[in-house]
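Engineer: need a 3D model of the sequence below.
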Amino acid sequence: MTLVDQLMRASSFPDVGLRVLDRDGSETWLPWPEVVARAQAAAAWLQALGVRYGDRVALVYPTVPALFDALFGILLAGAVPVPLYPPVRLGRFDEYRERTVQMLRSVDARLVLAAPRVRLVIGDIIRQARPPLGCRSLENGARPHLDGDLGPRFSTVQPDDLALVQFSSGTTRAPKPVALTHRAVIAQATILNLFWPDTTDVRHSGVSWLPLYHDMGLIGCVFTALERPGTLTLIPPELFVNRPAAWLQAISRYRATISPAPNFAYNLAVHRIRDEELEGVDLSCWQVALCGAETVVPDVMRAFANRFSKWGFRAEALTPVYGLSEASLAVTFSPPLAPLLIRRFDRQALAVDGIAREAEAGRELVSVGRAVPGFEVRIVDDTRAMLPDGRVGSVECRGPSLMKEYFGHAQATADALRDGWLVTGDLGFLLDGHLFLTGRRKDVLIVRGANHAPEELERVAQQVDGVRPGCAVATSWLPEGADGEQVLVFVETRRGVPSSSTPAIASACEHAVLASTGLAARVVVLAPGTLPRTSSGKLRRRDALAQYLAGTLDPPDGATTLRMAVEAGRSALAYLRMRLEE
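Structural biologist: Prediction:
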């Protein structure tokens, strides 16, 4: 079975499909037969253009119907889609250009397909990357008429052929190209659908605002809907960020039962959604509120459940999960419709001894569930010897949806895939089969010989009045001549907070961190929008420290924007035109 097979099968299901919402709330309904017909026409156009079997074709689209024409058209043409994120902030355009050129070159992209307005912005990127077929747009009505004999050309696509190259949303400046086969993607979609089987009483459907250039949105939502086949309602990410209530309104309006999001989204909903925006909203239909992609914070989960209970949301719908691009997506899942499993563990034992010892006033952690069907999870020490329950170590996993490789990166592949096990880079421990994560190996703070998770410091700092939710970074470094690591915490202020409040915010954060963790940290208060992020919105801790030490950790203010516009030239001016049109 391949994604091509699944797509052709879905053409027999006219009552379900994809619903794409626009920024103004209007919708485009695409039943699966129409999705397939549009993709077939796109595939014929691509083949006529010179796209060959196995070619990598990059996609740079927002969440619009044409994205699916391109995505599925590439698959039907026997090529490999490579989703890339579109430019979002002019103030970071130089970084976006550098990363995108690097990504296009790393997969040897033959063609770039982009939305018409995006093409105006990325012209300079295309000139630098030089894909042989350039950059094109698939516009509605511009595709050739289908001759009706397209299907047999795809019979050579095999389950172990590449189906997708997606870039990891890691916190470095060099995201890795994760190569996934048809077999792996279908295995992952099948696993996920096991958690919400349709019954005579419930036919599951989803709502997602997640970007479609990463696994949680593309594989976890789109390809899972294809595998059922089922219905999925898609919201542009920028609509959610600007108006988080649109997410909950869509769940209520379309009676969705499943909707995933990272921890920051639940936090944003608590703080940004006004009661009057939820008039008439009923969230009792929402059975699986998945939470993954970043640390699951207990206080956020409780706050979300408490805040939206009056609109019918049930706390047991919250479902912490764990996964990563290299596994296609999910590795562990909490049982749906079960209470959150939250435990407190002695901080000293975790930090110094690597032992998970429960303590009434300890560090609070949320279980991200047990291994999903077909997967195994183990905890190992530095020699890769297995550790018993309750011992902190490196998390490794294996299962049917692991990546084939980091495309074109043999050494990185060998480092990540060892004897069939994926080295995740995460730290954690197992208790009765439940996985608890304690941090990232590369991000861990080592202070006086003890390991500390930056997430704990960040959580404490974010609770200080005036700090922007989800915008705190904890890191450490060894200053020249010092006798120990110095802990630094960077926080962004909320919009509208005056600069005169900066000293008080820094002092309050330092006291809060010391009281909660026992660590003396220096807090640096920054303007909103300053901290560097990955394409999926994760904060880049090491880049934040590097920029701070280099004296370049500055917000994208007016002066920076003007400088970026001059450097980007015509691309930046095109970007400005695009934003003004919107």
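
Engineer: the stretch 151-300 of the chain: strands as residue ranges?
Structural biologist: 162-167, 177-181, 205-208, 231-234, 258-261, 288-291 (DSSP state E, counting those that start in this stretch).

Engineer: distance to Arg541, mean neighbour count and mean pLDDT added to those strands, as CSV?
Structural biologist: All C-beta atoms are positioned from the backbone trio N, CA, C, and that covers glycine. Formatted as CSV, the strands of the stretch 151-300 of the chain follow (distance: least, Cβ to Cβ, whole Å; neighbours: other Cβ atoms under 10 Å; pLDDT from 0 to 100):
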stretch, distance to Arg541, mean neighbour count, mean pLDDT
strand 162-167, 19, 25, 96
strand 177-181, 21, 24, 97
strand 205-208, 27, 26, 96
strand 231-234, 31, 24, 97
strand 258-261, 22, 26, 96
strand 288-291, 21, 24, 96
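
Engineer: between the ones you listed, which gets nearest to Phe195?
Structural biologist: strand 288-291 (7.2 Å; Cβ to Cβ).

Engineer: can I get the CA coordinates of that closest one in CSV?
Structural biologist: The C-alpha trace of strand 288-291 is given here as CSV (Å, rounded to 0.1, in the frame of the first residue of the first chain):
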residue,chain,number,x,y,z
VAL,A,288,-9.3,14.1,22.0
ALA,A,289,-7.4,17.3,22.7
LEU,A,290,-3.9,16.1,21.8
CYS,A,291,-1.0,18.0,23.3
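
Engineer: contact partners of it?
Structural biologist: Identification of contacts with strand 288-291 by Cβ atoms under 8 Å, 6 or more residues apart in numbering yields 195-196, 220, 257-263, 266, 301, 313, 317-321, 336-337.

Engineer: make it 6 Å
Structural biologist: Strand 288-291 is contacted from outside by Trp196, Ile258, Pro260, Asn263, Ala317, Leu318, Thr319, Pro320, Val321, Pro336, using Cβ atoms under 6 Å, 6 or more residues apart in numbering.

Engineer: in JSON lines, list those along with distance to Ala129.
Structural biologist: Shown next, in JSON lines, are the contacts of strand 288-291 (distance: Cβ to Cβ, whole Å):
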{"residue": "Trp196", "distance to Ala129": "40"}
{"residue": "Ile258", "distance to Ala129": "37"}
{"residue": "Pro260", "distance to Ala129": "32"}
{"residue": "Asn263", "distance to Ala129": "34"}
{"residue": "Ala317", "distance to Ala129": "43"}
{"residue": "Leu318", "distance to Ala129": "42"}
{"residue": "Thr319", "distance to Ala129": "39"}
{"residue": "Pro320", "distance to Ala129": "38"}
{"residue": "Val321", "distance to Ala129": "35"}
{"residue": "Pro336", "distance to Ala129": "43"}
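
Engineer: by neighbour count, which of these wins?
Structural biologist: Ile258 (28 neighbours; other Cβ atoms under 10 Å).

Engineer: who does it bridge with?
Structural biologist: Gly206, Val288 (DSSP bridges).

Engineer: that one touches Gly206, doesn't it?
Structural biologist: Yes: with contact defined as Cβ atoms under 6 Å, Ile258 counts as touching Gly206 (4.4 Å).

Engineer: now for Thr224, how many residues are close by?
Structural biologist: 28.

Engineer: gap between it and Asn193?
Structural biologist: Using Cβ to Cβ, to the nearest Å, Thr224 is found at 6 Å from Asn193.

Engineer: on that earlier part again, check the contacts of strand 288-291 and tell me the two furthest apart.
Structural biologist: That would be Trp196 and Asn263, which, of these, are the farthest apart (Cβ to Cβ) at 21.2 Å.

Engineer: I am finished for the moment; much appreciated.
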